[in-house]
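Participant: Pasted the sequence and its predicted model underneath.
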Amino acid sequence: MLLEGVHIPLTTPFYPDGKLNLRKLEHNVDRYSRTPAAGMVVLSSIGEPETLSDVETRETLATALGAAGETKVMIAGIACGSVATALDLVGFVATAGYDAVLVKRPALLGEGQLRETVTFFQAVADRSPIPVILDSASLASLAAEAVAELSSHSNVIGLFDGDTSVARIEQVRAATSTVKREAIVTTVFAAVTRRMLAVKEQAGAATFVAAESLGGGAAVATAPPRPAIKTRTKAVGFQVVAASSAGMLAGLRAGAVGVMPAFAAAAPQASYEVYAAWKDDDQPLADEKQLRITSAIAQVEVELGVPGIRYASDLNGYFGGRPRLPLLPLTGPERAAVEQVMDGIRN
């Protein structure tokens, strides 16, 4: 699975009383599907997965996938406390049609528990029917030696890393430089999703239903079947995705192939413009685009966190709403501050 491009981490909508709001989730995913983002991540850390019950988790994952455009890479966040519970959820999302899983280290494992951490990820990757991506986007980054060891597993395809420093990404790239893989892509080297591959080619042009079979009247033409997409392969290594809004450009320049900025949930177009300028090798424009959203990222995401991202999403027509307790909605002054920094970022 190709991980290039912008991957939007989704918030999880709730009603004012705290119940899950699946209709607004469908609304958000449908709108994100119309952006130039490469894909979406459901139940990453900004999706507040720890606040959902098992039933709500599965409802959220199923609803988001059902509303997504088939060309969007869909990644399911897996935040479970054991190998058994993680594999149970992995099996569910694989059957549903997700393209990959973003697996988080269990909270009970500390940074010093290297062997336990590696064993956990290896056990999940061994039995996962879809590719595994390592989640190192939280405050406690995965040790480079753990990433290096796990990268040799054929089912571990990449790392979403919150540390986008040049030193960190260069360290990861050096440690995984021997990994060689191939990804299925379109003829223009865009990612091919499992839902796209599910479209089977059927030969022939439009057909006709005989009039006599309809009990009289004219023959009825039926639409020709949709042909299967043409694909090719692209050589890729172990893929690193920069999971930092403020460090998008730095991460890309250091060797990341894609980005997952939390700020993209509120401003997908503005986030994509940073990536697009970098991809086009227009570095002055990339700097300008990153600088344009720097103040908003600092206010909305860094200072206010998930509630700030939610309110900024509301301002741009994506349903953010209230977070689920124990997180609290923004105060009046906090909302005013977000409105001010988001004034020129409308998309």
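Facilitator: Cool, got the structure.

Participant: Can you show me the helices along the stretch 151-300 of the chain?
Facilitator: Using DSSP state H, counting those that start in this stretch, the helices of the stretch 151-300 of the chain run over residues 166-175, 194-197, 248-254, 268-279, 283-296.

Participant: Could you measure from the most centrally placed residue in the chain over to R105?
Facilitator: In the chain, the centroid-proximal residue (Cα atoms, centre = their mean) is V41; its distance is 2.6 Å. Distance of V41 to R105, given as Cβ to Cβ, to the nearest Å: 16 Å. For every residue, glycine as well, the C-beta is placed using N, CA and C.

Participant: can you list contacts of stretch 44-54?
Facilitator: Contacting residues not belonging to stretch 44-54 are listed as 9-12, 20, 41, 43, 57, 60, 77, 79, 102, 104, 135, 137-138, 260, 262, 265, 306, 309, 323-325, 327 [Cβ atoms under 8 Å, 6 or more residues apart in numbering].

Participant: Only C-alpha atoms, please: export it in CSV.
Facilitator: Provided in CSV are the C-alpha atoms of stretch 44-54 (Å, rounded to 0.1, in the frame of the first residue of the first chain):
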residue,chain,number,x,y,z
SER,A,44,-6.2,8.0,15.4
SER,A,45,-5.4,9.8,18.7
ILE,A,46,-7.5,12.9,17.7
GLY,A,47,-10.5,10.5,17.2
GLU,A,48,-10.6,9.9,21.0
PRO,A,49,-10.6,6.1,20.6
GLU,A,50,-10.1,5.5,24.3
THR,A,51,-13.5,7.1,25.0
LEU,A,52,-15.4,4.7,22.8
SER,A,53,-17.0,1.4,23.7
ASP,A,54,-16.3,-1.7,21.6
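
Participant: Check the burial of T187 by counting its neighbours.
Facilitator: 9 (other Cβ atoms under 10 Å).

Participant: The residue nearest to it when sequence neighbours are not counted: neighbour count?
Facilitator: The spatially closest residue to T187, leaving aside those adjacent along the chain, is K230, at 5.4 Å (Cβ to Cβ, 6 or more residues apart in numbering). By other Cβ under 10 Å, 9 other residues sit near K230.

Participant: Show me where the stretch 1-150 of the chain has its helices.
Facilitator: Assigned by DSSP H, counting those that start in this stretch, the stretch 1-150 of the chain shows helices spanning 22-32, 54-67, 83-96, 114-127, 144-151.
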